[in-house]
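*Asks:* Here is my input; please provide its structure:
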Amino acid sequence: MYEYKILHQSTQSDSRIGTINLPHGVVETPVFMPVGTVGAVKTLTLDDLVNIGVQIILANTYHLYLRPGDKLIKLLGGLNQYIKWNKPILTDSGGYQIFSLGEGIRQFKKNDLRKAKIGERGVRFYSHLDGKEHFMTPERAIKIQHNLSSDIIMAFDECPPATATRDEVEKAVARTFRWYKRCEKENQKNFRRALVPICQGGKFKDLREKSCRFLNKTSAPILAIGGVSVGESKKDIYKVTKWCTGVLDKKRPKYLMGVGYPEDIAKSVKMGIDMFDCVLPTRLARHGTVWVKSKAPGSKTIYGVDYKYRQINLLQSKYRLDRDTLDEKCRCKLCRERFSKSYLRHLLKEREPLGIHLLTVHNLTFVFDLIADIKLKITNNSY
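*Replies:* Have a look, this model is predicted:
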């Protein structure tokens, strides 16, 4: 059910094209997973996702657990049935959100900051919605994801910030190992889903390699690299990714968590990464920012493809009278209908949802077309 096949291995790099068989369908890699935090990719319909080429989406365990609740979703048939998405879903464990949002009590009681507390049993945290106290364990994170009935579930791990000391990172790596074994035991109690362990280790090469060797010893069908998009520089992200792909089992797909800039995706595929997720394309769209192909000075280089790109913010006043569309050759409906930058800016200034919707479609189309270009070059052994 969770079989992975390599269809083509590039002769020029570690990049490859493969397929992952999952309960809700086959996913071809390299693949980008748009983030549907609460069960929806913001402003997009399911038809939009299909037209863009989306094969699998990511949903957030932390948010769905808090509202509407994983038990409610189970009662109503699981997440696929609940949101009417008949393709695969990956759910994260909620660990990152627990650590990043677990100080939510501050919103409700001024000057009363109560941080998430990590212990061997699990993490005590406070909801960002209402400040209520919750306790999450590795076992509970797995049970919640089973209730959601997702195709791929993530192990509950401790993700230290980029500023963490070596001692803090080393302890987090060891705890992540112990928590994974508990996750695995819980996963085996019911229908076994594709449980994915996560490599941690910060910017310390020996800890990363130690973590990768642990992952290789598991029977997990997919191996993930975490903690590479929590404040590090691009140089550090590439360095850590290279360390990990050099040790991780090449026969299994590798998932680089939280990475979404075009140049980062392109470089990582070359290193052997197969799966990505990131809120960046959709989040930027909500703030009026889009990615467009460009030869203009200052444009960013994307490894391996024959074009560059730049990031523009349509809220800038210079676009007020701009009649041009974003990219005449882009296949997204925004560009096909030739909406002007001026009109798009107007929609954004008026907070008209259509503007965010169109920009979100465009940004995700940009990412999916980039990956299609990369796949073609891998097939031709020119990547």
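
*Asks:* what separates the one helix or strand residue 245 maps to from the chain centre, distance-wise?
*Replies:* Assignment of secondary structure by DSSP states H and E places residue 245 within helix 234-247. Counting by CA atoms, centre = their mean, to the nearest Å, helix 234-247 is centred 17 Å from the centre of its parent chain.

*Asks:* ok, the closest residue to residue 252 other than its chain neighbours - how many residues close by?
*Replies:* Leaving aside its sequence neighbours, residue 252 sits nearest to residue 223 (CB to CB, 6 or more residues apart in numbering; 5.4 Å). (Each C-beta comes from the backbone N, C-alpha and C, glycine too.) For residue 223, the count of nearby residues is 23 (other CB atoms under 10 Å).

*Asks:* give me phi/psi at residue 223?
*Replies:* Backbone torsions for residue 223, taken as degrees, to the nearest 10, come to phi -120, psi 130.

*Asks:* contacting residues around it?
*Replies:* 196-197, 199, 212, 215-216, 248-249, 252-255 (CB atoms under 8 Å, 6 or more residues apart in numbering).

*Asks:* can you do 6 Å?
*Replies:* The contact partners of residue 223, by CB atoms under 6 Å, 6 or more residues apart in numbering, come to 215, 248, 252, 254.

*Asks:* about what we covered before: could I get the CA-only coordinates of the helix holding residue 245 as CSV?
*Replies:* What follows is helix 234-247 as a C-alpha-only set of coordinates in CSV (Å, rounded to 0.1, in the frame of the first residue of the first chain):
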residue,chain,number,x,y,z
LYS,A,234,19.8,29.6,3.1
LYS,A,235,23.5,28.5,3.3
ASP,A,236,22.8,26.5,6.5
ILE,A,237,19.6,25.0,5.0
TYR,A,238,21.5,23.7,2.0
LYS,A,239,24.4,22.5,4.2
VAL,A,240,22.1,20.6,6.6
THR,A,241,20.1,19.1,3.7
LYS,A,242,23.3,17.9,2.0
TRP,A,243,24.5,16.2,5.2
CYS,A,244,21.2,14.4,5.6
THR,A,245,20.7,13.3,2.0
GLY,A,246,24.2,11.9,2.1
VAL,A,247,23.3,9.5,5.0
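
*Asks:* what does that helix contact?
*Replies:* 199, 203, 205, 208-209, 212, 225, 228, 267-268, 271-272.

*Asks:* which of those residues has the weakest pLDDT?
*Replies:* Across the contacts of helix 234-247, the bottom pLDDT score, 91, is held by residue 228.

*Asks:* still on that earlier bit, in the helix holding residue 245, which residues are buried?
*Replies:* Buried residues in helix 234-247, counted by 16 or more other CB atoms under 10 Å: 237-245, 247.

*Asks:* now swap in stretch 308-315 and tell me
*Replies:* The neighbour-count check on stretch 308-315 (16+ other CB under 10 Å) flags 308-309, 312, 314 as buried.

*Asks:* Between the residues you listed, which sits nearest residue 364?
*Replies:* Minimum separation from residue 364 among the buried residues of stretch 308-315 (CB to CB) is found for residue 309, which lies at 14.3 Å.

*Asks:* ok, residue 286 - contacts?
*Replies:* So residue 286 contacts residue 356 (CB under 6 Å, 6+ apart).

*Asks:* Spatially central, which residue of this protein would that be?
*Replies:* Nearest to the geometric centre of the chain sits residue 277, at 2.1 Å (CA atoms, centre = their mean).

*Asks:* who's in contact with it?
*Replies:* Contacts for residue 277 (CB under 6 Å, 6+ apart) come out as 33, 35, 58.

*Asks:* Just the element for it, please.
*Replies:* Short version, using DSSP H and E: residue 277 is in strand 275-278.

*Asks:* Restricting to C-alpha, output that strand in PDB.
*Replies:* Extracted in PDB, the C-alpha atoms of strand 275-278 (Å, rounded to 0.1, in the frame of the first residue of the first chain):
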ATOM      1  CA  MET A 275       8.700  15.900  -1.000                       C
ATOM      2  CA  PHE A 276       8.100  19.500   0.100                       C
ATOM      3  CA  ASP A 277       5.500  21.600   2.000                       C
ATOM      4  CA  CYS A 278       5.400  25.200   2.800                       C
END
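
*Asks:* after that strand comes which helix or strand?
*Replies:* Downstream of strand 275-278, the next assigned helix or strand under DSSP H and E is helix 280-286.

*Asks:* just checking, what packs against the lengthiest helix in the chain?
*Replies:* Looking across the chain with DSSP state H, the single longest helix is helix 353-379. On a contact count with 3 or more CB pairs under 6 Å, 6 or more residues apart in numbering; DSSP states H and E, helix 353-379 meets strand 31-34, helix 46-52, helix 280-286, strand 289-293, helix 341-349.

*Asks:* how would you label residue 28: helix, strand or coil?
*Replies:* The local conformation at residue 28, judged by DSSP: H, G, I helix; E, B strand; the rest coil, is strand.

*Asks:* wait, isn't it in contact with residue 21?
*Replies:* No: applying CB atoms under 6 Å as the test, residue 28 and residue 21 come out as separate, 10.9 Å apart.

*Asks:* I'd like the mean pLDDT over the longest helix of the chain, please.
*Replies:* 98.

*Asks:* among the contacts of helix 234-247, which are in helices?
*Replies:* Applying DSSP H to the contacts of helix 234-247, the entries found in helices are 205, 208-209, 212, 267-268.

*Asks:* what's the most distant pair in those?
*Replies:* Using CB to CB, the ones in helices among the contacts of helix 234-247 span at most 20.2 Å, a distance reached by 209 and 267.

*Asks:* So for those two, which residue has more residues nearby?
*Replies:* Higher neighbour count among residue 209 and residue 267: residue 267, with 20 against 17, using other CB under 10 Å.

*Asks:* Could you find the closest non-adjacent residue to the more buried one?
*Replies:* Once flanking residues are discounted, residue 267 sits nearest to residue 303: 5.1 Å by CB to CB, 6+ apart.

*Asks:* Would you mind measuring from that neighbour to residue 128?
*Replies:* Distance, residue 303 to residue 128, by CB to CB, to the nearest Å: 37 Å.
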